[in-house]
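In: Just the structure for this:
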Amino acid sequence: MSTTTVETSAAVTRQSVADAPRRRARGRGRRGPLATLASHALLITASLIAFFPVGWLIFLSLGPDKDDYLHPGHIWHTMTLDNYSFVLQHTSFFDWLKSTLVVVLGTTVFGVMIAATTGYAVSRMRFPGYKKFMWLLLLTQMFPIAVLIVPMYQIMSDLGLVDTYLGLILINSTTIVPYCAWLLKGYFDTIPFEIDEAGRVDGLSPFGTFVRLILPLAKPGLAVAAFYAFLTAFGEVAFASTFMLSDDKYTFAVGLQSFISEHDAQRNLMAATAVLIAIPVSVFFYLVQKNLVTGLTAGGTKG
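Out: Modelled structure (predicted):
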């Protein structure tokens, strides 16, 4: 009886020793229940913090009175969509939409195109002063907008581009191109030089190599640059309010100011307009989201 017990105990011990490495290996890549719970709680908290301003804006847009933000509890009993119908029917919302789309899309296409060619040239070509040129682009970002508006207005006035979409597109591009050029230069550095050499062997010109071989590989970087340009031009206020003089050419950022006067502020209408304004940005983000993470990470692997 004792012999059987000893053999059984020895077998159990050997089996436990044999299973121990497997248990350790299996648990090495796993988190404990407390760590999992903590990570989920942290993610939920961060999501709530990020969503709260948006949810609060939507909630205020449903209030019928301009002073409902002072007593938000009353909104629960008086929710209405009248603010949205008023904005769509009795304001210049669609004129603002047209102007915004023209300016934003024009700035995005033109700015990213110039930034892409600039970044590619500095990444591939070694001309005198190419490093100083990139630092010079960053230097232009040091000047505040208030200092730049006066000389820019004088230049645009001499060229007859004040109160025109083209003028505002060019002005916005001056703030977008330097950053996007740096971003795309870093991304082009991650693309092997052998691809350029293969294009030249096949008889492509440098521009042909850039368009047919490099740009298709740089889609994630271009998506990030386009997203930055889109958001920058979409939310820009100082240039738009200075260079666009006609009411029907106001962008959304400037049109929102029409709800605020010296003695009054229609915050319920502002909230409803802000919610409607967020729709184009959300659509654009949805279209480029697949490439955003790839472009952001790949663009920072080389300097």
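In: who touches Leu137 in this structure?
Out: Under the criterion of CB atoms under 8 Å, 6 or more residues apart in numbering, the neighbours of Leu137 are 118, 177-178, 181-182. Backbone N, C-alpha and C define where each C-beta goes, glycine included.
In: quick one, phi psi at it?
Out: phi -60, psi -40 (degrees, to the nearest 10).
In: what's the answer for Asp67, then?
Out: phi -100, psi 20.
In: Quick check: it vs Glu236, distance?
Out: Per CB to CB, to the nearest Å, Asp67 is found 30 Å from Glu236.
In: what do you get for Ile260?
Out: Using CB to CB, Ile260 is found at 18 Å from Glu236.
In: try Val54
Out: 21 Å.
In: Between these two, which has more neighbouring residues?
Out: The neighbour count for Val54 versus Glu236, taken as other CB atoms under 10 Å, is higher for Glu236 (22 against 12).
In: which stretches of the stretch 51-200 of the chain form helices?
Out: 75-78, 82-90, 93-124, 130-139, 145-158, 165-188, 193-201 (DSSP state H, counting those that start in this stretch).
In: The stretch 201-303 of the chain too?
Out: Under DSSP H, counting those that start in this stretch, the stretch 201-303 of the chain gives helices at 206-209, 215-217, 219-235, 238-243, 252-255, 267-298.
In: Nearest to Gly160, out of those?
Out: Evaluated over the helices of the stretch 201-303 of the chain, closeness to Gly160 peaks at helix 238-243, with 12.2 Å, by CB to CB.
In: Give me the contact list for that closest one.
Out: Outside helix 238-243, the residues that reach it (CB under 8 Å, 6+ apart) are 103, 145-146, 149, 152-153, 156, 162-163, 167-168, 171-172, 250-251, 253-254, 257.
In: and if we set it to 7 Å?
Out: 145, 149, 153, 156, 162-163, 167-168, 171-172, 251, 253-254 (CB atoms under 7 Å, 6 or more residues apart in numbering).
In: do stretch 64-84 as well
Out: 59-63, 265-269, 272.
In: Would you mark the buried spots in it?
Out: Neighbour-count burial for stretch 64-84 flags 66, 68-69, 75, 83-84 (criterion: 16 or more other CB atoms under 10 Å).
In: Then stretch 100-116?
Out: Buried residues in stretch 100-116 (16+ other CB under 10 Å): 100, 102-108, 110-112, 115-116.
In: so how far is it off the chain centroid?
Out: 14 Å (CA atoms, centre = their mean, to the nearest Å).
In: cool, and stretch 137-155?
Out: That offset, for stretch 137-155, works out to 23 Å (CA atoms, centre = their mean).
In: Same question for stretch 221-232.
Out: With CA atoms, centre = their mean, you get 6 Å for stretch 221-232.
In: follow-up on the earlier one: let me know which of the helices of the stretch 201-303 of the chain is the nearest to Thr45.
Out: Once the helices of the stretch 201-303 of the chain are compared by CB to CB, helix 267-298 is nearest, at 22.1 Å.
In: Okay, angle between that closest one and helix 82-90 too, please.
Out: 90 degrees (axes from the mean of the first three to the mean of the last three CA atoms, to 10 degrees).
In: got the contact list for the nearest residue to Ile75 once chain neighbours are set aside?
Out: In space, and not counting its chain neighbours, Ile75 is closest to Gly63: 4.3 Å by CB to CB, 6 or more residues apart in numbering. Residues near Gly63 by CB under 7 Å, 6+ apart: 75, 78, 268.
In: what's Gly63 sitting at in phi/psi?
Out: The phi/psi pair for Gly63 (degrees, to the nearest 10) is phi -80, psi 140.
In: Next one: it relative to Leu70, how far apart?
Out: Gly63 is 10 Å from Leu70, by CB to CB.
In: ok, now which ones touch the closest residue to Leu159 other than its chain neighbours?
Out: Ranked by CB to CB, 6+ apart and with sequence neighbours excluded, the top spatial neighbour of Leu159 is Gly167, at 7.5 Å. With contact set as CB under 7 Å, 6+ apart, Gly167 has these partners: 156, 161, 243.
In: Please tell me how far the first one sits from Phe52.
Out: To Phe52, Met156 is 40 Å away according to CB to CB.
In: Neighbour count: those two, which is higher?
Out: Taking other CB under 10 Å, Met156 and Phe52 do not tie; Met156 has more neighbours (21 against 10).
In: I'd like the distance between the more buried one and Gly32.
Out: 62 Å.
In: One more: Met134?
Out: From Met134 over to Gly32 (counting by CB to CB), the distance is 48 Å.
In: More neighbours: which of those two?
Out: Set Met134 next to Gly32 and count neighbours by other CB under 10 Å: Met134 wins out with 18 against 9.
In: excluding its backbone neighbours, what's nearest the more buried one?
Out: Using CB to CB, 6+ apart, the nearest residue to Met134 is Val122, at 5.7 Å.
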